[in-house]
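# Pasting the sequence and the predicted model now:
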Amino acid sequence: MKELLNLFYVFARIGAFTFGGGYAMLPIIQKELVEKRGYATEDEIIDYYAIGQLTPGVIAVNVSTFIGYKKKGLIGAIFSTTGLVFFPIIIITLIAAVLTSFADNYYVQCALTGIRAAVLGMVVKTIIQMAKKGAIDIFTWIIMIVSFILMLLGAQAVFVVIGAALFGLVIKNIKDKCKKEEQQ
Amino acid sequence: MSTLFTLFLEFFKTGLFAIGGGLATIPFLSEMATKYPWFSQETLSDMIAIAESTPGPIGVNMATYAGYTAQGIIGGIVATAGLITPAYIITVIVAKIFEKFKNSTLVQNAFYGLRPAVAGLISAAAWSLFKMTAFDAKIAEVFKNFSAVNLKTLLEYIDFKVLALFAIFTFVFLKFKKIHPILLIAIGALCGIVFKMA
């Protein structure tokens, strides 16, 4: 039970401090789940994130379900995902009920710009870490750069991810074959 | 009761078919606005603004807000439950399969290509947030008339306060490994207000 409540608590924290898209929660996930608690490794987070791009639904929910399931099965996944949406539901309900002009408020806008600068600064570190793990040779560097460019040109993430997986399969196969032949 | 059921079903559909981040839910919500008396197209733009300026996944925020305008507090909860249920079910199935096959050569080889792609994807998402935050929206128009671009007009569209704050945060977060992201977010909000960054 304690571990279930822990899952809920950790993801409630993550949900309460994620501003922006799913990638904005990566720095907090890394801190809370990888460094502080060891619930997942950095590689696993990258893998879950990739799978989250391929499967339908909110990516943050994909990731929370994945980690909750890995820790404590079906019930664990329910606790982690409920935790993730706990504060957003309360905050949005309050705003919808009494503060509909919230987003137009000057100070809210100021605070958000500052938060975005902070999130961006933290995401730089996440990207560096991920690039180190992912771009390990010339082919993976190419995959990373091409994915980046395709996304800037407005490609759908699903197709970029599927393309990268297929490309990876082919290249890795050829690489392994070459290695074998060298050894012989 | 039947409205709650329809709410759940509509958001279940949204959760099932909106692939790629919270903003992918907008076309579905727009369709709901024309189909049901829950909320109007005009409220939709307010919803987007609020969903983006409050913590939490954008898709979840949108669902809670839309559900609340349709059916009050219960509506908000039901709509959110509808949105996340497909992701929950599918992820549990995928997690089961993944645990079994994650060490297979096929899966490992696919991840050889997937990992760098994810880094590229996140860089692209970060870049668009960076553009939005550090540059004036009008900068795109400047580039349309390319011959008229000069350094002075260009500089007017760059928000140097934001750039400086971004540089400081990047340095601090890379340098001090112990610092907690939540603390930096709070400092960011404070700096935004103190230096009037809107």
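In hand now; what should we look at?

# you'd agree residue B:23 is up against residue B:58?
Yes - when contacts are counted by Cβ atoms under 8 Å, residue B:23 is listed as touching residue B:58 (6.3 Å). To be clear about C-beta, it is placed using only N, CA and C from the backbone, and glycine gets the same treatment.

# Looking at the two, which one has more neighbours?
Between residue B:23 and residue B:58, counting by other Cβ atoms under 10 Å in any protein chain shown, residue B:58 is the more crowded of the two (26 against 15).

# surely the more buried one meets residue B:47?
No - under the contact definition of Cβ under 8 Å, residue B:58 does not touch residue B:47, with a separation of 10.1 Å.

# Looking at chain B, what residue ends up closest to chain A?
Closest approach of chain B to chain A (Cβ to the nearest Cβ) occurs at residue B:113, with a separation of 1.7 Å.

# check contacts around that residue.
With contact set as Cβ atoms under 8 Å, 6 or more residues apart in numbering or on different chains, residue B:113 has these partners: A:140, A:143, A:164, A:165, A:166, A:167, A:168, A:169, A:171, A:172.

# The closest residue to it other than its chain neighbours: neighbouring residues, count only.
Residue nearest to residue B:113 in three dimensions, not counting chain neighbours: residue A:168, with 1.7 Å by Cβ to Cβ, 6 or more residues apart in numbering or on different chains. Here the number of neighbours of residue A:168 (other Cβ under 10 Å) works out to 23.

# again, but for residue B:129
Around residue B:129 there are 20 other residues, counting by other Cβ under 10 Å.

# which SSE is the residue nearest to residue A:16 when sequence neighbours are not counted in?
When the adjacent residues along the chain are set aside, residue A:16 lies closest to residue A:87, with 4.0 Å between them (Cβ to Cβ, 6+ apart). Secondary-structure element containing residue A:87, defined by DSSP states H and E: helix A:59-98.

# likewise residue A:136?
Residue A:136 is part of no helix or strand, with elements assigned from DSSP H and E.

# any idea how far it lies from residue A:33?
If you measure residue A:136 against residue A:33 using Cβ to Cβ, to the nearest Å, the figure is 23 Å.

# the more surrounded of those two?
Neighbours were counted for residue A:136 and for residue A:33 using other Cβ under 10 Å; residue A:33 has more, 25 against 13.

# which residues does that one contact?
Applying Cβ under 8 Å, 6+ apart, we find residue A:33 in contact with A:10, A:39, A:40, A:45, A:67.

# got a list of contacts for stretch A:151-165?
A:50, A:53-54, A:143, A:147, A:150, B:19-21, B:110-111, B:113-114, B:116-118, B:120-121, B:124-125, B:127-128.

# so what pLDDT did the closest residue to chain B within chain A get?
Of the residues in chain A, the one nearest chain B is residue A:168, at a distance of 1.7 Å by Cβ to the nearest Cβ. At residue A:168, the pLDDT value in this model is 93.

# for residue B:197, phi and psi?
Listed backbone geometry of residue B:197 is phi -90, psi 0, with angles given as degrees, to the nearest 10.

# Domain parsing of chain B, as residue ranges.
Structural domains annotated on chain B: B:2-101, B:105-194, as defined by automatic domain parsing.

# Repeat that for chain A.
Dividing chain A into domains by automatic domain parsing, as the record does, gives the ranges A:2-134, A:135-184.

# Tell me which of the ones you listed sits most buried.
Each of the domains of chain A was given a mean neighbour count from mean count of other Cβ atoms under 10 Å in any protein chain shown, and the largest, a mean of 22, is that of domain A:2-134.

# Give me the mean pLDDT for that one.
Taken as a whole, domain A:2-134 carries a mean pLDDT of 89.

# same question, stretch B:9-29
Rounded mean pLDDT across stretch B:9-29 is 82.

# Not counting its own residues, what contacts it?
With contacts defined as Cβ under 8 Å, 6+ apart, stretch B:9-29 is touched by A:21-22, A:53, A:55-59, A:156-158, B:32, B:36, B:44, B:47-48, B:51, B:57-63, B:66-67, B:78-87.

# Residue B:118 is in contact with residue A:131, isn't it?
No - if you go by Cβ under 8 Å, residue B:118 and residue A:131 don't touch, sitting 9.8 Å apart.

# give me phi/psi at residue B:158?
Backbone dihedrals for residue B:158, given as degrees, to the nearest 10, come out at phi -100, psi 130.

# Just confirm it contacts residue B:130, I think it does.
No - with contact defined as Cβ under 8 Å, residue B:158 does not reach residue B:130; the gap is 11.5 Å.

# Those two: which is more packed in?
residue B:130 (19 against 13).

# Now do the contacts for that one.
Residues A:120, B:166 are the ones in contact with residue B:130 under the rule Cβ under 8 Å, 6+ apart.

# if we go to 10 Å?
A:116, A:117, A:120, A:123, A:124, B:123, B:162, B:163, B:166 (Cβ atoms under 10 Å, 6 or more residues apart in numbering or on different chains).

# Pipe those into JSON lines and attach distance to residue A:110 and secondary structure per row.
Written out in JSON lines, the entries for these read as follows (distance: Cβ to Cβ, whole Å; DSSP: H, G, I helix; E, B strand; the rest coil):
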{"residue": "A:116", "distance to residue A:110": "11", "secondary structure": "helix"}
{"residue": "A:117", "distance to residue A:110": "11", "secondary structure": "helix"}
{"residue": "A:120", "distance to residue A:110": "16", "secondary structure": "helix"}
{"residue": "A:123", "distance to residue A:110": "21", "secondary structure": "helix"}
{"residue": "A:124", "distance to residue A:110": "22", "secondary structure": "helix"}
{"residue": "B:123", "distance to residue A:110": "27", "secondary structure": "helix"}
{"residue": "B:162", "distance to residue A:110": "11", "secondary structure": "helix"}
{"residue": "B:163", "distance to residue A:110": "16", "secondary structure": "helix"}
{"residue": "B:166", "distance to residue A:110": "15", "secondary structure": "helix"}
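
# Many thanks, we can stop here.
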